[in-house]
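I need the structure of the sequence given here:
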Amino acid sequence: METARKRRAATRLGRWLAALLWLTALAPPAAAQDGKRWRAGAYSFSDELGGFTILSASGVGTRDDPVVLTQEFYSASPVTLVIRAEAPIRLYSFDGKFANGFLRLVVVARNASGLAWHEFEFELQETLGQPSVFGDGLSFNQRQVGQEGVFSGGFSRHQRDFEPYDRLLFTEGTVDPGKQTDFGFLISDFTPKLTFFLVQDPRIPLS
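Modelled structure (predicted):
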């Protein structure tokens, strides 16, 4: 009798595990979080350098399915996002499965600083602490100025600078404490690197 009960229990456990595996296989894919890395598409995004927190990441980084990165910022000072290619680099492959040097990104920025932001700047860096220059291939889509795809829900104007650094400055807007806004832009790198950096700088008035 005891052996029969054990067999029935083992059978029920096996069926339960099989059902669980089947449901897991049906679940839609989502951005994976690995420590401080959030995987979305061919890239991962990390808040490991501090000063802000990534809350979520989704999408693959294409025109139709951009990476949407939600972050919370705790001060009105620059912080640095680490971006890594997690898939092999394959130029001109636009299905989101490979790192191809083009990343369409939407940043959702939540203001947890206690101060109202009146500007927001992004700066690209190939080497941490050194602004990207015109000739390194990394930019905010410097080769197609007329087809920018740059937007923000909280700021009405933007300015792009490519020399002597790659910066994107949003102005004429306000993000109050406890509120959030979004920024959309395309990052291009014609000599793709496995790791690069995006400095994010929410600003308050100087006076």
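
pLDDT below threshold where in this structure?
1-35, 143-148, 207 (pLDDT under 70).

helix or strand for the residue positioned nearest the centre of the chain, which one?
The centroid of the chain falls nearest to residue 69 when counting by CA atoms, centre = their mean (4.2 Å). Counting by DSSP states H and E, the element that carries residue 69 is strand 67-73.

give me the sheet partners of that strand and which way each runs.
As defined by DSSP bridges, the strand partners of strand 67-73 come to strand 52-58 (antiparallel), strand 102-111 (parallel).

ok, which of these comes nearest residue 161?
Each of those has some distance to residue 161 by CB to CB; the shortest is strand 102-111, at 18.1 Å. In short, each C-beta sits where N, CA and C put it, glycine included.

contacts for that closest one, please.
When contacts are defined by CB atoms under 8 Å, 6 or more residues apart in numbering, strand 102-111 is touched by residues 41, 43, 55, 59, 61-63, 66-73, 83, 94, 117, 120, 122, 149, 175-189, 200, 202.

restricted to strands, list the residues you listed.
If you go by DSSP state E, the contacts of strand 102-111 have 43, 55, 67-73, 83, 120, 122, 180-189, 200, 202 in strands.

make a ChimeraX selection of the buried ones in the residues you listed.
Buried members of those, defined by 16 or more other CB atoms under 10 Å, are picked up in ChimeraX with:
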select :43,67,68,69,70,71,72,73,83,120,122,180,181,183,184,185,186,187,188,189,200,202
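
okay, and the beta partners of the residue nearest to the centre of the chain?
Per DSSP bridges, the residues bridged to residue 69 are residue 57, residue 107.

shouldn't it be in contact with residue 40?
Yes - the criterion here is CB atoms under 8 Å, and residue 69 meets it with residue 40 at 7.4 Å.

which neighbours do these two share?
residue 57.

and the strands paired with strand 67-73: which comes nearest residue 164?
Going by CB to CB, the one of the strands paired with strand 67-73 nearest residue 164 is strand 102-111, 22.8 Å.

that older thread, will you turn the strands paired with strand 67-73 into JSON lines that also has distance to residue 159?
Putting the strands paired with strand 67-73 into JSON lines (distance: least, CB to CB, whole Å) gives the following:
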{"stretch": "strand 52-58", "distance to residue 159": "23"}
{"stretch": "strand 102-111", "distance to residue 159": "17"}
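
tell me the most buried of those strands?
Ranked by mean neighbour count, these are led by strand 102-111 with a mean of 21 (mean count of other CB atoms under 10 Å).

quick one, that one and strand 180-189 angle?
160 degrees (axes from the mean of the first three to the mean of the last three CA atoms, to 10 degrees).

export strand 102-111 as PDB, just CAs?
Taking Å, rounded to 0.1, in the frame of the first residue of the first chain, the C-alpha atoms of strand 102-111 are listed here in PDB:
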ATOM      1  CA  PHE A 102      21.600  50.900 -34.500                       C
ATOM      2  CA  LEU A 103      19.600  51.200 -31.300                       C
ATOM      3  CA  ARG A 104      16.300  53.000 -31.200                       C
ATOM      4  CA  LEU A 105      15.800  54.000 -27.600                       C
ATOM      5  CA  VAL A 106      13.000  55.500 -25.600                       C
ATOM      6  CA  VAL A 107      14.000  56.700 -22.100                       C
ATOM      7  CA  VAL A 108      11.200  57.100 -19.600                       C
ATOM      8  CA  ALA A 109      12.700  59.300 -16.800                       C
ATOM      9  CA  ARG A 110      11.000  59.500 -13.400                       C
ATOM     10  CA  ASN A 111      12.000  62.500 -11.300                       C
END
